[in-house]
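Undergrad: Everything below, folded, please.
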Amino acid sequence: MSGTLFDSDSWRLYRRHKGLLVLVLPGVLFFLLFNYLPMLGLVIAFKDFRLVDGVMGSAWSGLDNFRRLFGGADFPLALRNTVTISLLRLCFGFFAPIALALMLNEVRLSWYKRTIQTVTYIPYFLSWVILGGIFLIMFAQNGPVNQMAMMVGIEPIEFLTNDFWFIVVIIATGIWQAAGYGAVIYLAALSGISPDLYEAAVVDGAGRWKQTWHITIPGLIPTIVTLFILNLGHVLNAGFDQIYNMYNPMVFDAADIIDTYVLRRIVLMDFGLATGAGLFKSVVGLMMVVLANSLARRVSGGEQGIW
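TA: This next block holds a predicted model:
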């Protein structure tokens, strides 16, 4: 039967590209083993889980874990902090790679451009265990930043013990760490814009600013929309590794997030509550991606979106 999965044309296509299928297989197995198979453990959120009984032997508890989750004082605070930090990251951090990519795109000296790219994206590959230690030293009460501030007559700032300044440090250092890597994606998108468009703009008398506004930025819109939708899926990911390596009891009320809350629940062996919090976070992320994608397709007439 023509057009089915097992017709002769399909088998010929499979045989022709079997090498590519073999290359894809490790990636598929990785996602199956480490992303989809662990989803079976989500049933713990609906059970009174005990290690001695195992997942299947533990008694069902219905929605009791979620009642405890939202009825307690810790999770609402962690949820509020997570949303606050994530929205600040999205508002300030999302546009930083775009601005960096646009500036690098205007650089004409190739060696200088490559140097700046390398310097800016190297921090992305450094662990927050390392970066956290560096920033804790830099922003300490008697650290280099406050030392320089005092040299110009500014009183020392409590970067690591004041709620407001700690969030500023978290957002600023997070942008610094990720902006260079994000710019690489936008630079790749910029390379796909036809040079003929710029040549035609020059003939029409358009300067660099008008070329950027009418050619470069519109050419980035599909990439911007796609990455924005994917970033909304991480709206409840406030950066566990960064915050865990930098926060302290003095800023607990402003820096405690869902991930640190889940870690405490695991340490206390309250796996039902920890799984419930993780499930809530995943469901919200999925809903945000679906809604943002639907809105993007509706506004663009079906031209934009990730599916």
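Undergrad: I'd guessed P156 sits against Q141; true?
TA: Yes - using CB atoms under 8 Å, P156 is in contact with Q141, at 5.8 Å. For every residue, glycine as well, the C-beta is placed using N, CA and C.
Undergrad: For the two, work out which one has more neighbours and name it.
TA: In terms of neighbours (other CB atoms under 10 Å), P156 is the more surrounded of P156 and Q141; the figures are 14 against 11.
Undergrad: In terms of helices and strands, where is the nearest residue to the more buried one once chain neighbours are set aside?
TA: Spatial nearest neighbour of P156, excluding adjacent residues (CB to CB, 6 or more residues apart in numbering): N146 at 4.2 Å. Assigned by DSSP states H and E, N146 belongs to helix 144-151.
Undergrad: elements contacting the helix or strand that that helix is followed by?
TA: Using DSSP H and E, the helix or strand that follows helix 144-151 in sequence is helix 163-190. In terms of contacts (3 or more CB pairs under 8 Å, 6 or more residues apart in numbering; DSSP states H and E), helix 163-190 is packed against helix 74-88, helix 95-105, helix 110-121, helix 128-138, helix 217-232, helix 240-246, helix 252-255.
Undergrad: how about 6 Å then?
TA: Contact here means 3 or more CB pairs under 6 Å, 6 or more residues apart in numbering; DSSP states H and E; on that basis helix 163-190 packs against helix 95-105, helix 110-121.
Undergrad: Now do the shared contacts for P156 and Q141.
TA: Here P156 and Q141 share no contacting residue, scored by CB atoms under 6 Å, 6 or more residues apart in numbering.
Undergrad: ok, M39 to G278 distance?
TA: 11 Å (CB to CB, to the nearest Å).
Undergrad: related to what we said a few turns ago, test my guess that the residue nearest to P156 contacts I154.
TA: No - assessed by CB atoms under 6 Å, N146 is found out of contact with I154, at 8.4 Å.
Undergrad: okay, these two: which has more neighbours?
TA: Between N146 and I154, counting by other CB under 10 Å, N146 is the more crowded of the two (19 against 10).
Undergrad: Can you tell me how far the more buried one is from L160?
TA: Where L160 is concerned, N146 sits at a distance of 10 Å (CB to CB).
Undergrad: swap in I167?
TA: For I167 relative to L160 (CB to CB), the value is 11 Å.
Undergrad: Also W209?
TA: From W209 to L160 the distance is 41 Å (CB to CB).
Undergrad: Same drill for the two, tell me which one is more crowded.
TA: Set W209 next to L160 and count neighbours by other CB under 10 Å: L160 wins out with 20 against 8.
Undergrad: what separates the lowest-mean-pLDDT helix or strand in the chain from the chain centre, distance-wise?
TA: Among the helices and strands of the chain, helix 8-16 carries the lowest confidence by mean pLDDT, DSSP states H and E, at a mean of 76. From the chain centre to the centre of helix 8-16 is a distance of 39 Å (CA atoms, centre = their mean, to the nearest Å).
Undergrad: Quick one: residues in contact with that helix.
TA: Outside helix 8-16, no residue touches it (CB under 6 Å, 6+ apart).
Undergrad: Tell me the first helix or strand C-terminal of it.
TA: Criterion used, DSSP H and E; the element after helix 8-16 is helix 18-31.
Undergrad: Using neighbour counts, pick out the buried residues of that following helix.
TA: Within helix 18-31, no residue is scored as buried using 16 or more other CB atoms under 10 Å.
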